[in-house]
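# Requesting a structural model of the entry that follows:
(one chain, ligands or ions: 1)
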Amino acid sequence: MKHYDVIIVGAGPGGIFSAYELGRRAPQLSVAVLEAGHELSGRRCPIDGKTVKTCIGCRPCSIMNGFGGAGAFSDGKYNITNDFGGSLYEYIGREEALSLMHYVDEINVENGGAGTQMYSTAGSPLKKICMQNGLQLLEASVRHLGTDINYVVLENLYAKLREEADFFFNTHVDEIEKTEEGFRLRAGDQEFTCRKCIISVGRSGSKWMESVCDSLDIPTRSNRVDIGVRVELPAAIFSHITDALYEGKIVYRTKKYEDLVRTFCMNPRGIVVNENTNGIITVNGHSFEDESRKTDNTNFALLVAKHFSIPFKDSNSYGESIARLSNMLGGGVIVQRFGDLERGRRSTVQRIEEGTVRPTLAATPGDLSLVLPKRILDGITEMIYALDRIAPGTAGDDTLLYGVEVKFYNMEVELNNDLETRHPGLFVIGDGSGVTHSLSHASASGVYVARKIAGE
Ligand SMILES: Cc1cc2nc3c(=O)[nH]c(=O)nc-3n(C[C@H](O)[C@H](O)[C@H](O)COP(=O)(O)OP(=O)(O)OC[C@H]3O[C@@H](n4cnc5c(N)ncnc54)[C@H](O)[C@@H]3O)c2cc1C
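Below is the predicted model of the structure:
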C-alpha cells in the first residue's frame, strides 16, 4: 500500500498540467500519477501500412494511452478561446479560463515550443467574407506546435515532472473507494491511498469513468456526439485561410434543416490518419511543423452535432453504430470523391487514382451515402457548397471525403465550480469530465484544480 497527498489518474494534458502546477505551487505535497499506458518513449502504434495495415487492438493502445494522453501524437493545436473546445468557462469564468490557457501556452513555449507560431482571428478580413456567404468564423488564437514539436514539449515536461512526482505506467486504476481519510485506489494487485484525487482519464477512460460515477453515486448527464467526414483537398484551395489563421473554425446553418455544421481540426498540408476509439476505427488528421514532412493537401473535418435525451439518451452509442457500419462496409475508413457522392455512385480504386487529389490515407473506396444518415450527409453537402463560395474548388469532383469522423464526448460529471465532485477531495478534470474537449481546456482544468488543492 502506497500513500500520497495527491494521486492523479491519467497522464494526458489534464493530468500533466495538474502535476506541473502542484510541483510549482505545493512542492511539499507528495504526488503520484497512475497511467494505464506506456511512458512516452514506449508508445508505438504497430500500424506501418505494410506488415500491419489496420488496428490490431493493442492493450493499452499507444495512440490513446500513455504519457501525453490522446494528444501525444496529435497536431498539437492549442486553441485559446471560450468559443469551442469545452465549457470550462461555465465553471470558472471566461477571463480565468482564457488566462489559464495563456499560462499553459507559456509553459509549452518554455519547454520546446518557442519558434512555433501563434495565429489569431482578431481583425481578420475573412470574418466579413464568411458573413457575406452565410458562414460564421469563430474567434480564437491558436498555437500550432505540430506533431513533432508537441512530442518534444512532452519529453521536456516529463523530464521535469519525474523529478517531482512518482509516475506509475501500465497501471490501470480499476476501482476508487472513499475512505475516512480520503480515497483508496486499486490497480491490479497494487493499492494506493491518498487524501485528494484528481481523475483525468480522457475519452479512452469514458466507460471506466461511468463505472466510478455509478459506484460513488456521482450524478451524470448525457453529452452530444459529433458525426461527419474528413475533407481532403489541394492545400492551395484553402491557403488564403490557413496561411492567415492556420485553422479556420467556421460554422454554417443549413437551409434545409437549420442544423449547424462546423469545420473542425484543420490541418494545412497535413495527413489524414486512422483513429481507434475502443476498437472502432474512425478518421482524424494532423500535420507536422517540419517542412520536409508537409504534403500538398489540406484536411479538415465537417461535423454535425447530435444530442439525444428522451427516450434514447446514449448519444455516443449512436455515433459508435454509424462508425461500426463504416467499418463493416469498408473494413475501416471509407474514402469517396465528392463528384462520386454527388453522382450517387461509389468510388473505386480506379476513380480515386484518376483524380487529381492524392489520398494521404490508404482507405477503402466506397459510398458514404450508405453509411451516414441522410440528414447529416445533406448538411455536409450543403456546407461543402457554402465553403466553395469562400474557397472555390472545395466542391470539386476530386475533393476526397473520408468517413466517418466521430467526436465522442464523455457524459458530463456533476461538479461544483472547483471541478470537485460531491465527495470533497475528489476532482474530475479534462475530457473525462465532459467539461473539456481539447488540449488547451483540458490542460487549463488541470492547472485550475492544482491551484485549488494548493489552497489558492
Ligand atoms: C489524433 C488526435 C488528434 C487530436 N488533435 C487535437 C488538437 O490538435 N488540438 C486539440 O485541442 N485537441 C486535439 N485532440 C483532442 C485532445 O487530444 C484531447 O482533448 C486531450 O488529450 C484531452 O486531455 P485529457 O488529459 O483530458 O485526456 P487524455 O489525453 O485522453 O488522457 C487521459 C489519460 O488517462 C489514461 N487513463 C484512462 N483511464 C485510466 C485508468 N482507469 N487508469 C489509469 N489511467 C487511465 C489514458 O491512458 C490517457 O493517457 C486530438 C485527439 C486525437 C485522438
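# Those residues of the stretch 201-350 of the chain touching the ligand, which are they?
With Cβ under 6 Å from any ligand atom as the criterion, the stretch 201-350 of the chain comes near the ligand at residues Val201, Gly202, Arg203, Ser204, Gly205, Trp208, Cys265, Glu275, Asn284, His286. The way it works is simple: take the backbone N, C-alpha and C, and place the C-beta from them, glycine included.
# Please tell me which one of those counts the most neighbours.
The residue in these with the most neighbours, by other Cβ atoms under 10 Å, is Val201 (29 neighbours).
# Contact partners for that residue?
Shown in contact with Val201 (Cβ atoms under 8 Å, 6 or more residues apart in numbering): Val9, Gly10, Gly12, Trp208, Met209, Gly430, Gly432.
# Over to Phe300?
Counting by Cβ under 8 Å, 6+ apart, Phe300 touches Arg230, Val231, Phe238, Glu247, Thr263, Phe264, Cys265, Met266, Asn267, Gly285.
# Name the nearest residue to it, sequence neighbours excluded.
In this structure, Phe300 finds its nearest non-sequential neighbour in Met266, 3.9 Å apart by Cβ to Cβ, 6 or more residues apart in numbering.
# correct me, but the one you found touches Thr242?
Yes - using Cβ atoms under 8 Å, Met266 makes contact with Thr242 at a distance of 6.5 Å.
# if we can go back for a sec, in contact with the residue nearest to Phe300, which residues?
Counting by Cβ under 8 Å, 6+ apart, Met266 touches Phe238, Ile241, Thr242, Tyr246, Glu247, Gly248, Lys249, Thr298, Asn299, Phe300.
# Most neighbours among those, which one?
Going by other Cβ under 10 Å, Asn299 tops the contacts of Met266 with 30 neighbours.
# Is it in contact with Glu232, as I believe?
Yes - judged on Cβ under 8 Å, Asn299 makes contact with Glu232 at a distance of 4.4 Å.
# Export stretch 238-245 to PDB, keeping only CA atoms.
The C-alpha coordinates for stretch 238-245 follow below in PDB (Å, rounded to 0.1, in the frame of the first residue of the first chain):
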ATOM      1  CA  PHE A 238      -7.600  26.800 -48.500                       C
ATOM      2  CA  SER A 239      -4.200  28.600 -48.400                       C
ATOM      3  CA  HIS A 240      -5.700  32.100 -48.000                       C
ATOM      4  CA  ILE A 241      -7.400  30.900 -44.800                       C
ATOM      5  CA  THR A 242      -4.800  28.600 -43.400                       C
ATOM      6  CA  ASP A 243      -1.800  31.000 -44.100                       C
ATOM      7  CA  ALA A 244      -3.600  33.700 -42.100                       C
ATOM      8  CA  LEU A 245      -5.300  31.700 -39.400                       C
END
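# Distance from the chain centre to that stretch, please.
Mean-position distance between stretch 238-245 and its chain equals 22 Å (Cα atoms, centre = their mean, to the nearest Å).
# which one of the contacts of Phe300 is nearest the ligand?
Minimum distance to the ligand across those is 6.0 Å, recorded for Cys265 (Cβ to the nearest ligand atom).
# Does the closest one fall in a helix, a strand, or a coil region?
strand (DSSP: H, G, I helix; E, B strand; the rest coil).
# And the helices in the stretch 301-450 of the chain?
With DSSP state H, counting those that start in this stretch as the criterion, the stretch 301-450 of the chain has helices at 315-330, 338-342, 349-354, 374-390, 439-453.
# scratch that, the stretch 101-250 of the chain
For the stretch 101-250 of the chain, the helices defined by DSSP H, counting those that start in this stretch cover 126-132, 146-164, 206-215, 235-245.
# In a markdown table: those helices, plus mean pLDDT.
Formatted as a markdown table, the helices of the stretch 101-250 of the chain follow (pLDDT from 0 to 100):
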| stretch | mean pLDDT |
| --- | --- |
| helix 126-132 | 95 |
| helix 146-164 | 96 |
| helix 206-215 | 95 |
| helix 235-245 | 96 |
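# for the ones you listed, which one sits closest to Ile280?
Closest approach to Ile280 among the helices of the stretch 101-250 of the chain is made by helix 206-215 (12.6 Å; Cβ to Cβ).
# just checking, what packs against the closest one?
Under the contact criterion of 3 or more Cβ pairs under 8 Å, 6 or more residues apart in numbering; DSSP states H and E, helix 206-215 touches strand 175-178.
# what domains does the record give for this structure?
Residue ranges for the domains of the chain, per automatic domain parsing: 2-118+142-222+412-453, 225-408.
# could those go into JSON lines alongside distance to Asn133?
As requested, these are arranged in JSON lines below (distance: least, Cβ to Cβ, whole Å):
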{"stretch": "domain 2-118+142-222+412-453", "distance to Asn133": "19"}
{"stretch": "domain 225-408", "distance to Asn133": "4"}
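# which one of those lies closest to Gln132?
Shortest distance between Gln132 and the domains of the chain, using Cβ to Cβ, is found for domain 225-408: 8.6 Å.
# and the closest one, how far apart are its ends?
Its start and end residues considered, domain 225-408 measures 5 Å (Cα to Cα, to the nearest Å).
# ok, now stretch 6-21?
Terminal residues of stretch 6-21 lie 12 Å apart, using Cα to Cα.
# Could you please name the strands the worst-scoring helix or strand of the chain on mean pLDDT pairs with and the direction of each pair?
Using mean pLDDT, DSSP states H and E, strand 271-277 stands out as the lowest-scoring helix or strand of the chain, at a mean of 86. Here strand 271-277 is paired, per DSSP bridges, with strand 280-286 (antiparallel).
# Just the C-alpha atoms of the partner strand, please, in CSV.
Extracted C-alpha coordinates of strand 280-286, given in CSV (Å, rounded to 0.1, in the frame of the first residue of the first chain):
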residue,chain,number,x,y,z
ILE,A,280,-13.8,1.3,-33.6
ILE,A,281,-11.8,2.8,-36.5
THR,A,282,-12.6,6.4,-37.3
VAL,A,283,-10.7,9.1,-39.1
ASN,A,284,-8.7,12.1,-37.9
GLY,A,285,-5.9,14.3,-39.2
HIS,A,286,-2.7,16.0,-38.3
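# what's the angle between it and helix 315-330?
Put simply, strand 280-286 runs at 90 degrees to helix 315-330, going by axes from the mean of the first three to the mean of the last three Cα atoms, to 10 degrees.
# in the chain, what spans have low per-residue confidence?
49 (pLDDT under 70).
# State the distance from Tyr89 to the ligand.
Counting by Cβ to the nearest ligand atom, to the nearest Å, the separation of Tyr89 from the ligand is 15 Å.
# Count the residues that sit near that residue.
Neighbour count of Tyr89, defined by other Cβ under 10 Å: 18.
# Pretty sure it sits against Ser99.
No - look at Tyr89 against Ser99 with Cβ under 8 Å: they stay out of range, at 10.9 Å.
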